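> got a predicted structure here, sequence first:
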Amino acid sequence: MLKKQGFNLYTSHKVTEVTRDGNIVTVKANSPKGETISLEGDYCLVAVGRLPYTRGLNLEAAGVQKDERGRVVVNDRLQTNVPNIYAIGDVVRGAMLAHKAEEEGVLVVEQLAGQKPHIDYNLIPGVVYTWPEVASVGKTEEQLKANGTNYKVGQFAFRALGRARASMDTDGFVKILADTQTDEVLGVHIIGARAADIIAEAVTAMEFCASAEDIARICHAHPTFTEAVKEAALAATENRAIHA
């Protein structure tokens with residue numbers, strides 16, 4: 001969809017140099033094959049490289065350890081090396097997401113209350129609030145290939161949805177990755193309208209180790225964008241999508 005709008009995407013490239021000459025910004029980067037590319041534009045937007053914000057916390061005086069990236073070192077219970085100090089959210093390892101921090105805060109409080117909570121970090125959803133929206137949870141195809149996991153893919157385009165056509169938001173799709181043998185859903189990736197909301201169904205399904213068949217057998221209201229999840233699940237189970 002971005003390519004249709006004139007975007008060129010360069011993945012796995014390493015930026016080596018950024019220079020300005022008058023009103024032109026030049027970015028040089030190395031490709032995975034070692035080739036150097038040069039891109040010119042009016043502006044260069046840096047959208048990566050966030051750092052943990054620990055300045056002013058006086059961690060050194062408290063004796064709290066940090067890693068080489070400046071993050072507070074914690075154990076599985078989010079406890080630092082100082083037993084009565086815990087850390088969550090952007091200052092510890094993992095995604096810098098508000099909902100991840102919220103879950104970690106709840107985990108710490110429940111532990112202090114004597115409970116035995118648990119967070120599955122594989123099931124922390126990620127959302128990009130562009131238009132169309134992008135959302136995902138679980139593994140990507142690249143990760144599954146690297147792990148040697150045999151998987152199958154079910155994909156369904158928004159343009160076949162009645163709700164998408166009525167809303168004129170037909171750009172997008174849902175992709176479901178499931179284990180070839182067990183049919184367990186391993187990852188869900190969505191691009192399109194309402195992706196940020198739709199991903200919740202995928203998180204719920206994966207939290208309870210649902211299979212693609214399980215999702216395919218759930219009745220979804222019509223017309224809704226969530227029907228794409230059911231159709232993608234059907235596509236992952238012997239290519240049974242109804243409206244493909």
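Structure received. Residues are numbered from 1 along each chain as shown.

> contacts for the longest helix seen in the chain next, please.
Ranked by number of residues, the top helix in the chain under DSSP state H is helix 98-112. Residues from elsewhere that reach helix 98-112 (CB atoms under 8 Å, 6 or more residues apart in numbering): 77-78, 86, 88-90, 92, 94, 116-119, 121, 124-125. Glycine gets a C-beta too; all of them are placed from N, C-alpha and C.

> break the chain into its domains for me.
Each domain of the chain is listed here as a residue range: 13-48, 59-119, 126-236, per automatic domain parsing.

> any idea which of these is most buried?
When the domains of the chain are scored by mean count of other CB atoms under 10 Å, the highest mean neighbour count falls to domain 126-236 (a mean of 18).

> what about the one helix or strand M206 maps to, distance to the chain center?
Using DSSP states H and E, M206 falls within helix 195-207. In this view, helix 195-207 has its centroid 11 Å away from the chain centroid, taken as CA atoms, centre = their mean, to the nearest Å.

> next SSE downstream of that helix?
Remark: after helix 195-207, the chain's next helix or strand is helix 212-216, criterion DSSP H and E.

> who are the packing partners of that next one?
strand 172-179, helix 195-207, helix 227-236 (3 or more CB pairs under 8 Å, 6 or more residues apart in numbering; DSSP states H and E).

> ok, and what's touching it?
Contacts for helix 212-216 (CB under 8 Å, 6+ apart): 152, 154, 176, 178, 183, 185, 201, 205, 229-230, 233-234, 236-237, 240.

> go with 10 Å
If you take CB atoms under 10 Å, 6 or more residues apart in numbering as the criterion, helix 212-216 is touched by 152, 154, 176-179, 182-186, 188, 201-202, 204-206, 208, 210, 229-238, 240-242.

> using PDB, list the CA coordinates for that helix.
Extracted in PDB, the C-alpha atoms of helix 212-216 (Å, rounded to 0.1, in the frame of the first residue of the first chain):
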ATOM      1  CA  ALA A 212      -6.600 -21.400  13.400                       C
ATOM      2  CA  GLU A 213      -9.500 -23.800  13.400                       C
ATOM      3  CA  ASP A 214     -10.700 -22.500  16.700                       C
ATOM      4  CA  ILE A 215     -10.800 -19.000  15.400                       C
ATOM      5  CA  ALA A 216     -12.400 -20.100  12.100                       C
END
